[in-house]
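> Build me a structure from this.
(2 chains)
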2 protein chains.
Amino acid sequence: MVDLADIRAAAARIEFIAVRTPLISSPALDEAVGGRILLKAENLQRTGSFKIRGAYNMLSQLSPEQAQYGAVAFSSGNHAQAVAAAGTMLGIETTIVMPEDTPPVKIENTRRLGGETVLYDRYSEDREEIAQQIADDRGATLVPPYNHEHIIAGQGTAGLEIMEQCGELGMQPDQVLSNCSGGGLTAGCAVAVNALSPDTRIYPIEPEDFDDTRRSILSGKMELNDPHSRTICDALMSAPPGDLTFAINKRLATEVLTVSDDEVREAIRFAFRYLKLVVEPGGAVSLAATLAGKLNLSGQVTVAILSGGNIDPTLFASIQAAA
Amino acid sequence: MVDLADIRAAAARIEFIAVRTPLISSPALDEAVGGRILLKAENLQRTGSFKIRGAYNMLSQLSPEQAQYGAVAFSSGNHAQAVAAAGTMLGIETTIVMPEDTPPVKIENTRRLGGETVLYDRYSEDREEIAQQIADDRGATLVPPYNHEHIIAGQGTAGLEIMEQCGELGMQPDQVLSNCSGGGLTAGCAVAVNALSPDTRIYPIEPEDFDDTRRSILSGKMELNDPHSRTICDALMSAPPGDLTFAINKRLATEVLTVSDDEVREAIRFAFRYLKLVVEPGGAVSLAATLAGKLNLSGQVTVAILSGGNIDPTLFASIQAAA
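Next up is the predicted model:
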């Protein structure tokens, strides 16, 4: 199991690699939602999302022998860029298996950061199989997007920073909202926050038709998303919760909340107009939950994680134009 | 004259009003320019620019009698929003004289923040005369956009924070780049930075056809911009440097640098794509100077101020689409 010591060790490994992203205050947001919100701006992170935390934490622990055979990952985009960047920094060759409908900006960035890309059809092919085959052929190490202790511990460094930064402001968060898909960010942050502030409530936030974590926690067994579901939150469309992430999230999540695509679009517009931040759809679900009134914010200190900002310019423009 | 004590006093007045905006690091930017850049993100400030610092510092020092007759300001937009917001917070009625070609988002925001707006023609009417007339008619206090000690001291709190935040990172800036028009931000920050780190170089940055501060410093007398000049940097089109701001900037500026509108557009695109920040044209000139190679950055710690983010969605979209 991942504990606070693992997360502190990860924080030491990534100290000069990941950006200590700011915890942003916005009077305009506080007024709009009627509460005190602090935004953990992981959209400002190296490679544009929190994913570098876990990727670097894992790759930096490969043995010299493992490192020489390279690493392979499957990802809808942000994990891809992170693994490519971490590999380049560590001198490890990386191959990334990506859905062919990934936003082009994420594919381009993965290549620019030094990753070899292999594209597949999200709806007919099995990405884990493709990645495993490449790993077997080359002797490469598979870097899973969330269901690995080193990944969870790495993502948890965002939660550790949230607690440190709240402390610097003389505050304790009453509740933390984390964007959730495979559940790595949520699990890591939940462990860090819960260890340092057991009374703080943890709310994973999912797109409404991709609420597998919500339904799995309610039923007590692994529930799947409808394979025909679609969402603009491309970063949150991954396969079922992992057994490691689910075990943590089941134990530590207060309640899972969901938001619609329209609520996400509204959050992206609000971020542009009032926060002056660029947020991608999957990175905006926690902000959307606060703006859409999905939980009580009055008299509370609420931290919402903006998990990424890698949005295609054309999609961004169309969302803004629809205002 | 404005000194460090005035700026510290201003910092105490605005402590719970202005956001202590983050000093942002970006590995992507550092790699692009070949140096270490820290971005003072005043685009994330309350009302979307640094202007709230000076406006609140001045309005909060009005006597009860002055306050009851209200305040009037002339502004291309960001100062307008700031005066309106500060007035509303302090219970002081505000009237803002704005050019009629101001980006609509700034006019709307000024009204939303509680300011009464009076529009005029930037090229045929004299805004100072209009504002002075309103002040005389109502007994209201004129809040100038830059040429006032309380305004300069307020804007200087951004420079004080830059020095504090660099200190927290264990760094001393070798050079600070400040977007410059009337020169209030530059003068205030120059005083704070110079007092705390006399060896740090100060570079005001201007749009290339609005380089009145540059030419005035070189010639030693007040030079004017060509009234036919145009730039996309609407926030940096103000009238000549003030006597107070000019006296400070002449003494403390190392050299004034200029950037073209195309270099500004490129900076806005870079900020969107790699920094995930929304920056307005006038807010992007310092970033543009770093990206366009206007000064040596190698081996230096360079602070660039992003002074505002109030850009109209349609202009933003057209700049991104031109990439």
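> Just list the residues touching whatever residue of the stretch 51-200 of chain A ends up closest to chain B, thanks.
In the stretch 51-200 of chain A, the residue that lies nearest chain B is A:Val105 (7.6 Å; CB to the nearest CB). Every residue, glycine included, has its C-beta placed from N, CA and C. Applying CB atoms under 8 Å, 6 or more residues apart in numbering or on different chains to A:Val105 gives the contacts A:Asn310, A:Ile311, A:Asp312, A:Pro313, B:Arg273.
> could you flag which of the residues you listed are buried?
Buried subset of the contacts of A:Val105 (neighbour count, 16 or more other CB atoms under 10 Å in any protein chain shown): A:Asn310, A:Ile311, A:Pro313, B:Arg273.
> and the second one, which of the three is it?
For A:Ile311, the reduced secondary structure class is coil; criterion used: DSSP: H, G, I helix; E, B strand; the rest coil.
> doesn't A:Val279 make contact with it?
Yes: under the criterion of CB atoms under 8 Å, A:Ile311 is in contact with A:Val279, at a separation of 7.4 Å.
> before we move on, back to that, closest to A:His79 among the contacts of A:Val105?
Distance ranking of those against A:His79, using CB to CB, places A:Asn310 first at 11.2 Å.
> so what's that closest one closest to, chain neighbours aside?
Distances taken as CB to CB, 6 or more residues apart in numbering or on different chains place A:Gly48 nearest to A:Asn310, at 4.3 Å, with adjacent residues excluded.
> Run a quick neighbour tally on the one you found.
Applying other CB atoms under 10 Å in any protein chain shown, we find 30 other residues in the vicinity of A:Gly48.
> Quick check: phi and psi on it?
In terms of degrees, to the nearest 10, the main-chain angles of A:Gly48 are phi 80, psi 10.
> these two touch, right, it and A:Gly308?
Yes: because the distance of 5.9 Å satisfies CB under 8 Å, A:Gly48 is recorded as touching A:Gly308.
> overlap in contacts of these two?
In terms of CB under 8 Å, 6+ apart, A:Gly48 and A:Gly308 are both contacted by the residues A:Asn78, A:Glu280.
> Give me the secondary structure label for A:Pro227.
Quick answer, by three-state DSSP: A:Pro227 is coil.
> Pull the contacting residues for it.
A:Tyr123.
> Would you state the strands of chain A in chain order?
Using DSSP state E, the strands of chain A run over A:23-25, A:36-41, A:71-74, A:94-99, A:116-120, A:141-142, A:175-179, A:201-207, A:257-259, A:301-306.
> quick one: contacts for A:Leu177?
Listed by CB under 8 Å, 6+ apart, the contact partners of A:Leu177 are A:Tyr203, A:Ile205, A:Leu257, A:Ser286, A:Ala289, A:Thr290, A:Leu295, A:Thr302, A:Val303, A:Ala304, A:Ile305.
> Please tell me how far the closest residue to it other than its chain neighbours sits from B:Gly183.
Of all residues beyond its chain neighbours, the one nearest A:Leu177 is A:Ser286 (3.8 Å), with distances taken as CB to CB, 6+ apart. Applying CB to CB, to the nearest Å, one obtains 40 Å for the distance of A:Ser286 from B:Gly183.
> Including distance to B:Leu196 and pLDDT, could the buried ones among the contacts of A:Val105 go into CSV?
As requested, these are exported to CSV (distance: CB to CB, whole Å; pLDDT from 0 to 100):
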residue, distance to B:Leu196, pLDDT
A:Asn310, 38, 93
A:Ile311, 39, 93
A:Pro313, 40, 89
B:Arg273, 34, 94
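> Could you point out which of those is nearest to A:Thr141?
Sorting those by how near they are to A:Thr141, with CB to CB, puts A:Asn310 at the top with 24.5 Å.
> pretty sure the closest one is touching A:Ser49, no?
Yes: applying CB under 8 Å as the test, A:Asn310 and A:Ser49 come out as touching, 6.3 Å apart.
> picking that back up, what do A:Ile311 and A:Val279 both touch?
A:Ile268.
> Which positions in chain A make contact with chain B?
A:19, A:22, A:24-28, A:41, A:43-44, A:46, A:48, A:105, A:272-279, A:309, A:313, A:316-317, A:320-321, A:323 (CB under 8 Å from any CB of the partner chain).
> Show me the shaky parts of the stretch 151-300 of chain A.
Of all residues in the stretch 151-300 of chain A, those with pLDDT under 70 make up the ranges A:239.
> Would you point out which residue of it is nearest chain B?
A:Lys276 (3.4 Å).
> Quick one: residues contacting that residue.
Counting by CB under 8 Å, 6+ apart, the residues that A:Lys276 touches are B:Asn43, B:Leu44, B:Gly48, B:Leu277, B:Val278, B:Val279, B:Gly309.
> Next, the contact list for the last one, please.
With CB under 8 Å, 6+ apart as the criterion, the residues that contact B:Gly309 are A:Lys276, B:Asn43, B:Leu44, B:Gly48, B:Ser49, B:Leu277, B:Val278, B:Val279, B:Glu280, B:Gly283.
> Name the member of those with the most neighbours.
For these, counting by other CB under 10 Å, the largest number of neighbours falls to B:Gly283: 33 neighbours.
> So that residue sits against B:Ala235, correct?
Yes: taking CB under 8 Å as the contact criterion, B:Gly283 and B:Ala235 are neighbours in contact, 6.8 Å apart.
> Give me the common contacts of those two.
The overlap between the contact sets of B:Gly283 and B:Ala235 (CB under 8 Å, 6+ apart) consists of B:Ser49, B:Asn179, B:Ser307, B:Gly308.
> Leaving out chain neighbours, which residue sits closest to the second one?
This means B:Asn179. Excluding its sequence neighbours, the residue lying closest to B:Asn179 (CB to CB, 6+ apart) is B:Ser307, at 4.4 Å.
> Distance to A:Glu100 added to the contacts of B:Gly309, as TSV?
Below are these laid out as TSV (distance: CB to CB, whole Å):
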residue	distance to A:Glu100
A:Lys276	33
B:Asn43	36
B:Leu44	36
B:Gly48	39
B:Ser49	42
B:Leu277	30
B:Val278	30
B:Val279	33
B:Glu280	36
B:Gly283	38
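> how's chain A carved up into domains?
A:4-49+A:149-321, A:52-142 (automatic domain parsing).
> okay if I get those domains as a markdown table plus distance to B:Ser197?
Output for the domains of chain A, formatted as a markdown table (distance: least, CB to CB, whole Å):
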| stretch | distance to B:Ser197 |
| --- | --- |
| domain A:4-49+A:149-321 | 23 |
| domain A:52-142 | 32 |
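> residues of stretch A:26-40 that come out buried?
Under the neighbour-count criterion of 16+ other CB under 10 Å, stretch A:26-40 has A:Ser26, A:Pro27, A:Ala28, A:Leu29, A:Asp30, A:Val33, A:Gly35, A:Arg36, A:Ile37, A:Leu38, A:Leu39, A:Lys40 buried.
> And the residue of the stretch 1-150 of chain A found nearest chain B, what's its pLDDT?
Using CB to the nearest CB, the closest approach of the stretch 1-150 of chain A to chain B is made by A:Pro22 at 3.4 Å. Model confidence at A:Pro22, given as pLDDT, is 98.
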